[in-house]
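>>> One predicted model, sequence on top.
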There are 2 protein chains.
Amino acid sequence: MVEYQRFGKMNIFTAADLDQMPRFTRANLINCLTGIKPAILIGTTSVDGVSNLGLFSSVFHLGADPALIGFVQRPLTTYSHTYKNILASGVYTMNHVTSDRIAEAHHTSAKFGDNESEFAACGFGEKFIAPFNAPFVGGSPVQFGLRFVREIFIPENDTRLIIGSVEIISVDERVLSEDGNLELDRAESVGVAGLESYYALRRLAKFGYAKPGVRPVDDPK
Amino acid sequence: MVEYQRFGKMNIFTAADLDQMPRFTRANLINCLTGIKPAILIGTTSVDGVSNLGLFSSVFHLGADPALIGFVQRPLTTYSHTYKNILASGVYTMNHVTSDRIAEAHHTSAKFGDNESEFAACGFGEKFIAPFNAPFVGGSPVQFGLRFVREIFIPENDTRLIIGSVEIISVDERVLSEDGNLELDRAESVGVAGLESYYALRRLAKFGYAKPGVRPVDDPK
C-alpha cells in the first residue's frame, strides 16, 4: 500500500493499493465501506421439508408502494440453501436479529448440510403464521413474509439481486409507533459492519420532512 | 387493520391491512422493516459545475472483488440531481454521516434548486482528492469515490439500482483496524431507520468465521 496522499489523519487507498492488499484485509475493508448494515435472518423450507435459516446483511428497502425488498445473493455454491428454497417455494421470511442472539445468528452462516436445519442447530424456534408458508424466527420482534418477485443477475461478479414483495408483517407492539415507525432500540435490533462485527443501536434524533433553509430539529414524538 | 392473529405481543398485518393504512403510516412501517440502514451522503458535480450532496440510506455492498456498491434511486423528479450528475460525470463520492452532523445531513434531503449546492446550504465543506473528480465531504471519517458502472431499471416501482465500482478510499486512521475492518463506533458513523430516525452505534462483539456446531465467541481483536 502506497500512501501517496494524506489529509490530516486520513489514509488514502487507490484501486492499485487495493490490488496489493492481502485478500482478507481487502475484503474486510470493502465490506465495511457502506457502513452499518441490517442483521436479517432469512427463513425458508426446502422441497424435502427441511427448514433453513441464513444470515444476510445486504437487505435493502426498494419501495413502499408496492412494498418491495431486495437482498444480494452471493455467487451460488452447494450451500446456497436460502436461494434454492426461495426459487422452489416462492416464499421466505425476514427476521430482525436481536442483541441477545448475535452469537446464534452468526452461527447460521456456517456451512451446514442439506439435511440440517439451522433453526435447530443454532437454537432458534420455528414459528408459522397461517396461511403464510415459510418459517419465522420465534421471538424476533420484527418479522415479515415475502413472496419472490424476480431475480436480477449481476454478471460483473456473479451475484444476484433477489426481489420480493411483502405479504405479511408481524411486529412486537412495544416496537411499533403510532405513526408506523419502528423503534429499533426498543426492539434491540442490531446492525452488522463488514462480515463479523455486530453493533447495538441507540436513537439519537427523529427529524421531520426536510425543507430548504430550515435546519431540522429533533422531534422525539 | 384487522388483527386476525396474535402471538403474545405481536401485531400482524396482512397485505389487505397495509392497503387500509394511512399512506404515511404505511410508508413509515415499510421503510422501517429492513432494520438499520447506513446514512450516506453522495457528492456529485453537475455539468454546470454546481456541486450536489444528497442523503441516501439504501446503499448496499454488492461485492468485494471487484469492489462494487449499489444504491436505490427513487423514481426520478426534477430534483434528482444526484442521478443526473452521476450519469453526466460518471463519478460520485459516498461519505459516512457522523453523529454530530445528523441535522445537517437530514437537511440535504430538502428540495434545493438546480443552482444551489447542499454543501454550502447545509454547512458541509467540499474536499477533492486528486485526481478523483467528484466532491467529498470534509471531515467525514469514511469516504470513497465510485465510477458509475450501470443502472438497472426496476419496472415494478420505477426505481433504479445504481451500481458503481470503488476507485479510491479515504479513511481516518483511527477507524481502520489492522485486519481491514472499520470501527464504526470510533468513526461515530450513524444509521437510519425509516425516513427520519437516526441511531448511534455501539459495538457488541466480533466473531470469526462460523463453523457448524461451534458457538461463535467474541474476539475483540
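Everything's here; your move. Treat the numbers as computed from the prediction; the structure is a model and nothing was measured.

>>> Given the helix or strand containing A:Phe71, what are its sheet partners and their directions?
Per DSSP states H and E, A:Phe71 falls inside strand A:67-73. Paired neighbours of strand A:67-73 in the sheet (DSSP bridges): strand A:59-64 (antiparallel), strand A:159-172 (antiparallel).

>>> Save those as TSV, and put in mean pLDDT and mean neighbour count too.
All C-beta spots, glycine's among them, are computed from the backbone N, C-alpha and C. Formatted as TSV, those follow (pLDDT from 0 to 100; neighbours: other Cβ atoms under 10 Å in any protein chain shown):
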stretch	mean pLDDT	mean neighbour count
strand A:59-64	97	23
strand A:159-172	97	22
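
>>> The ones you listed: which one's closest to B:Ile163?
Nearest to B:Ile163 among the strands paired with strand A:67-73 is strand A:159-172 (9.8 Å), distances taken as Cβ to Cβ.

>>> From the contact counts, what lies against whichever helix or strand comes after that closest one?
Using DSSP H and E, the next helix or strand after strand A:159-172 towards the C-terminus is helix A:184-187. In this structure, helix A:184-187 packs against strand A:197-206, strand B:197-206, with contacts taken as 3 or more Cβ pairs under 8 Å, 6 or more residues apart in numbering or on different chains; DSSP states H and E.

>>> ok, stretch A:198-211 near chain B or not?
Yes. Using Cβ under 8 Å from any Cβ of the partner chain, stretch A:198-211 comes into contact with chain B via A:198-211.

>>> What subset of those is buried?
Neighbour counting with 16 or more other Cβ atoms under 10 Å in any protein chain shown marks A:Tyr198, A:Tyr199, A:Ala200, A:Leu201, A:Arg203, A:Leu204, A:Ala205, A:Lys206, A:Phe207, A:Ala210 as buried within the residues of stretch A:198-211 next to chain B.

>>> Please list all residues in contact with the last one.
Which is A:Ala210. A:Ala210 makes contact with A:Pro216, B:His106, B:His107, B:Thr108, B:Ser109, B:Ala110 under the criterion Cβ atoms under 8 Å, 6 or more residues apart in numbering or on different chains.

>>> can I assume the last one sits in a strand?
No. Assessed with DSSP: H, G, I helix; E, B strand; the rest coil, B:Ala110 is coil; it does not lie in a strand.

>>> from what I can see it touches A:Gly208, true?
No. Contact criterion Cβ atoms under 8 Å: B:Ala110 and A:Gly208 do not qualify, at 10.8 Å.

>>> about what we covered before: and the strand holding A:Phe71, what's its mean pLDDT?
Averaging pLDDT along strand A:67-73 yields 98.

>>> Send me it as PDB with only the CA atoms.
Taking C-alpha atoms only, strand A:67-73 is exported to PDB below (Å, rounded to 0.1, in the frame of the first residue of the first chain):
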ATOM      1  CA  ALA A  67     -43.800  -2.900  -0.700                       C
ATOM      2  CA  LEU A  68     -40.700  -4.400  -2.200                       C
ATOM      3  CA  ILE A  69     -37.500  -5.500  -0.500                       C
ATOM      4  CA  GLY A  70     -34.200  -6.700  -2.100                       C
ATOM      5  CA  PHE A  71     -31.200  -8.600  -0.900                       C
ATOM      6  CA  VAL A  72     -27.900  -9.700  -2.500                       C
ATOM      7  CA  GLN A  73     -27.300 -13.400  -3.100                       C
END
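
>>> So which elements touch the helix or strand following it?
Once strand A:67-73 ends, the next helix or strand along the chain (criterion: DSSP H and E) is helix A:81-89. The contact analysis (3+ Cβ pairs under 8 Å, 6+ apart) places helix A:81-89 against strand A:40-45, strand A:51-56, strand A:91-96, strand A:159-172.

>>> TSV for the residues of stretch A:198-211 next to chain B, including pLDDT and distance to B:His81?
Converted to TSV, those look like this (pLDDT from 0 to 100; distance: Cβ to Cβ, whole Å):
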residue	pLDDT	distance to B:His81
A:Tyr198	98	36
A:Tyr199	98	31
A:Ala200	98	35
A:Leu201	98	30
A:Arg202	97	32
A:Arg203	97	30
A:Leu204	97	27
A:Ala205	96	25
A:Lys206	95	26
A:Phe207	93	21
A:Gly208	87	22
A:Tyr209	88	18
A:Ala210	91	15
A:Lys211	92	17
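
>>> does any part of the lengthiest helix in chain A sit near chain B?
With secondary structure taken from DSSP state H, chain A has its longest helix at helix A:23-33. Yes. Judged by Cβ under 8 Å from any Cβ, helix A:23-33 and chain B are in contact via A:Arg23, A:Phe24, A:Thr25, A:Arg26, A:Ala27, A:Asn28, A:Leu29, A:Ile30, A:Asn31, A:Cys32, A:Leu33.

>>> Packing partners of that helix?
Helix A:23-33 is packed against helix A:15-20, strand B:59-64, strand B:67-73, strand B:142-154, strand B:159-172, with contacts defined by 3+ Cβ pairs under 8 Å, 6+ apart.

>>> any chance of the ones you listed in TSV, with distance to B:Ala193 too?
Below are the helices and strands packed on helix A:23-33 laid out as TSV (distance: least, Cβ to Cβ, whole Å):
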stretch	distance to B:Ala193
helix A:15-20	32
strand B:59-64	15
strand B:67-73	16
strand B:142-154	20
strand B:159-172	20
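
>>> With respect to A:Lys9, which of those lies nearest?
The closest of the helices and strands packed on helix A:23-33 to A:Lys9 is strand B:159-172. By Cβ to Cβ, the value is 5.4 Å.

>>> Counting neighbours, what do you get for the residue lying closest to A:Val175 once chain neighbours are set aside?
Leaving aside its chain neighbours, A:Val175 sits nearest to A:Ala187 (4.4 Å; criterion: Cβ to Cβ, 6 or more residues apart in numbering or on different chains). Applying other Cβ atoms under 10 Å in any protein chain shown, we find 23 residues neighbouring A:Ala187.

>>> And for A:Val142?
For A:Val142, using other Cβ under 10 Å, the count is 26.

>>> Distance check, the closest residue to it other than its chain neighbours against A:Thr82.
In space, and not counting its chain neighbours, A:Val142 is closest to A:His96: 4.2 Å by Cβ to Cβ, 6+ apart. To A:Thr82, A:His96 is 17 Å away according to Cβ to Cβ, to the nearest Å.

>>> now do A:Asn157
Per Cβ to Cβ, A:Asn157 is found 18 Å from A:Thr82.

>>> Neighbour count: those two, which is higher?
When neighbours are counted by other Cβ under 10 Å, A:Thr82 comes out ahead of the other of A:Asn157 and A:Thr82, with 23 against 16.

>>> right, and the more buried one touches A:Leu55 too?
No. With contact defined as Cβ under 8 Å, A:Thr82 and A:Leu55 do not form a contacting pair (9.6 Å).
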